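Undergrad: Quick check, what structure comes out for this input:
(2 chains)
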Amino acid sequence: MFAGVASRDPSLYFFSSRVQELLFQLNDRQHDLVFKPRKLGQKLEAPQYVFMTDEDLDKERRRIEQRLREKLQVPPVLGPRKPIERVLAKDPRLEGLHDSKLVCIDISPDLSDRKRMITVREPDGTLRTANWNERGRINQIFLPVDGRTVTMPKMFEEPHLTECLDREEYVSVLDRACVQFEPDDPDYIRVTSATYDHVDAARLYERLQSTRHFGALAFYLAWHRRIDNLLLYFIQLEKLNQAVKLIHLYRLLRSAEPVSDQTPPTRQESSQSDGYSSSSDSGSESESSDSDSEGVQLDIIRDYIENASVKRPVLELALQNFQHLSAERRRVEREQRRADGRQ
Amino acid sequence: MLCRSTARLCLSAGAALCQSAARPSPSAGLRTSAVALAGPVGAEPPLELRPLNKDRSNPVPVETSIAYLQSAAYRATYGSEPVWRSYRRNHKGHIPPRKTRRTCIRGGQLSTGNPCPACRDEYLVLDYRNVALLRQFVSESTGEILDTSRTGLCQVKHRELLAAMTKAREYGTLAFDVPFRVYDYSEYKPSAA
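TA: Below is the predicted model:
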């Protein structure tokens, strides 16, 4: 759950551009998987082959980059919502007029579903605003969203949810949860937390890679300070860039003041992270690009392992293995070059 | 294998449950390949051929159907193709009627020649838990439920299929795609304190 000990609000951190950029960079972003078509019963079209000039090609590449960002938009991470019911009027003289509640909704199409007026007249005459549960159902009846049901599907209840997760249908569950619930719905938080926990326990992070849910998974793990398994996964795949980004995300979410776009990186952050480019507010830190020295990245990871990790021996071993492997690789390359030179 | 001459299901699923070692007698009068029955040396015992059972008054439990779909009898009968692939409707003229027949089963018995793919094999139960069977009725490319013009199911069985698919989506036994939801972050951002 996102209610921590001090009930910190994750939404104060989630929307910062630095956090958003990190979540985007942590994703593999394989175009084939990101743009995989969804089977929604639509008529299939034949692919088109187009002749393009260089300018057209550049324009198309930029368009694809833009669409990539849209496809990888991370579902908002919010704390559980607070009750919204309040009594508007009490009319005891209306008691006995109706034997069921009456609901009023403003169906103007240009209103946001979260803000439109929905009121309920109880049989005893009380006029009150609708609670969140009622709001969800009434909105879906009058302004239906494609893919959403009025009542919560049984697949999100136990034991069916656990059965789905045991079948490793993570993306399917998460996609449906995004459509069915609002991000601050306690059911949404419960379902997504159960899914991320299952993925973390099974170490099946690649199932969520190149989907919008990987960013949410990384945020969840960093928020709850359980990044060790994911860090191990990145180290074993030799993706030190991603490992360093994950550590950076972890530190950002641990900081006491919520990260906003206006605050520059604190001195504490910049002293810890030597490899980071300095002070760019727009989150365009290109830390851990390939040109950064591996040594710097290893220092950052080692610093985390020593000070903040839970699974210290496993991580240290993995890091050692990586260093041996890369030393071996460099040695082989050197000998290859020498052999080529002799020829 | 299906006997096209008599349009009868030669290989009963009961064989899966009790496989006998006896070879089928040559006087059985069934034209089917003995190769499928004998199998390689040292494999499981050959499957038993049984006459067609028209009684549908005792429905088969779902668990049996799920086990049947993994069995050697099913594999020998249908191979790796969907169960409706080898079915052909009988009708007058070259264009089939728009709707298939209403039902193949009347009074608890098969009451037609050439029953539809789901009625002819009593061990094919359309249930939300029988995912291996349900998947055969979903289009690979668009995720739609196939129409009776392709599957040949009778109307009653087609409605059972639709009900099973709705329940499968409700309980999450069958994974399917949902539309991509675009969030307007401005609705969710905390208001500036």
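Undergrad: And for A:D28, the neighbour number?
TA: 15 (other C-beta atoms under 10 Å in any protein chain shown). For glycine as for every other residue, the C-beta is placed from the backbone atoms N, C-alpha and C.
Undergrad: shouldn't it be in contact with A:R207?
TA: No. If you go by C-beta atoms under 8 Å, A:D28 and A:R207 don't touch, sitting 11.6 Å apart.
Undergrad: Buried residues, stretch A:36-48. List them.
TA: A:K39 (16 or more other C-beta atoms under 10 Å in any protein chain shown).
Undergrad: wouldn't B:K189 be in contact with A:Y13 here?
TA: No. At 11.6 Å, B:K189 does not count as touching A:Y13 under the criterion of C-beta under 8 Å.
Undergrad: quick one, which of the two is more surrounded?
TA: More crowded of B:K189 and A:Y13, by other C-beta under 10 Å: A:Y13, with 23 against 14.
Undergrad: what kind of secondary structure is the more buried one in?
TA: Classification of A:Y13 by DSSP: H, G, I helix; E, B strand; the rest coil places it in helix.
Undergrad: Apart from its chain neighbours, what residue comes closest to residue 137?
TA: Since you didn't name a chain, this refers to chain A. Leaving aside its chain neighbours, A:R137 sits nearest to A:V150 (5.3 Å; criterion: C-beta to C-beta, 6 or more residues apart in numbering or on different chains).
Undergrad: think we crossed wires, I meant chain B
TA: Leaving out its chain neighbours, the residue that sits closest to B:F137 by C-beta to C-beta, 6+ apart is B:L146, at 5.3 Å.
Undergrad: now swap in A:V314 and tell me
TA: A:V314 sits nearest to A:L232 (C-beta to C-beta, 6+ apart), 6.2 Å away.
Undergrad: May I ask which helix or strand encompasses that neighbour?
TA: Element membership of A:L232 [criterion: DSSP states H and E] is helix A:228-236.
Undergrad: From what I see, A:Y13 and A:Y250 are in contact.
TA: No. Contact between A:Y13 and A:Y250 fails when scored by C-beta under 8 Å: they sit 11.5 Å apart.
Undergrad: Now do the strands in the chain.
TA: In the absence of a named chain, chain A is used. Here chain A has its strands, by DSSP state E, at A:87-90, A:102-105, A:118-121, A:126-129.
Undergrad: oops, chain B please
TA: Secondary structure of chain B (DSSP E): strands located at B:2-3, B:8-9, B:105-106, B:109-110.
Undergrad: Could you check how many residues crowd around A:G147?
TA: Neighbourhood size, A:G147 [other C-beta under 10 Å]: 17.
Undergrad: Please report the distance of it from A:Q20.
TA: From A:G147 across to A:Q20, the span is 25 Å (C-beta to C-beta, to the nearest Å).
Undergrad: what do you get for B:R159?
TA: B:R159 is 48 Å from A:Q20, by C-beta to C-beta.
Undergrad: Show me which of these two is the more surrounded one.
TA: Under the criterion of other C-beta under 10 Å, the comparison of B:R159 against A:Q20 puts A:Q20 first, with 19 against 13.
Undergrad: pretty sure that one contacts A:V74?
TA: Yes. Contact status for A:Q20 versus A:V74: in contact at 7.4 Å, counting by C-beta under 8 Å.
Undergrad: Mutual contacts of the two, please.
TA: Residues touching both A:Q20 and A:V74 (C-beta atoms under 8 Å, 6 or more residues apart in numbering or on different chains) are A:F14.
Undergrad: ok, A:F15 - contacts?
TA: By C-beta under 8 Å, 6+ apart, the residues touching A:F15 are A:P76, B:Y185, B:Y188, B:K189, B:P190.
Undergrad: Weed out the non-buried ones from those residues.
TA: Here, 16+ other C-beta under 10 Å leaves A:P76, B:Y188 buried among those.
Undergrad: what does chain B have sitting close to chain A?
TA: Selection of chain B residues close to chain A by C-beta under 8 Å from any C-beta of the partner chain yields B:139, B:141-144, B:169-173, B:175-185, B:187-190.
Undergrad: Please report how far B:C154 lies from chain A.
TA: 24 Å (C-beta to the nearest C-beta, to the nearest Å).
Undergrad: my guess is that residue contacts B:T103, does it?
TA: Yes. At 5.1 Å, B:C154 and B:T103 qualify as touching, with contact defined as C-beta under 8 Å.
Undergrad: Show me which residues of the stretch 101-250 of chain A are close to chain B?
TA: A:112, A:114, A:146-147, A:153-156, A:160-161, A:163-164, A:169, A:172-173, A:175-176, A:178-179, A:183-184.
Undergrad: Having no further points to raise, I will conclude here.
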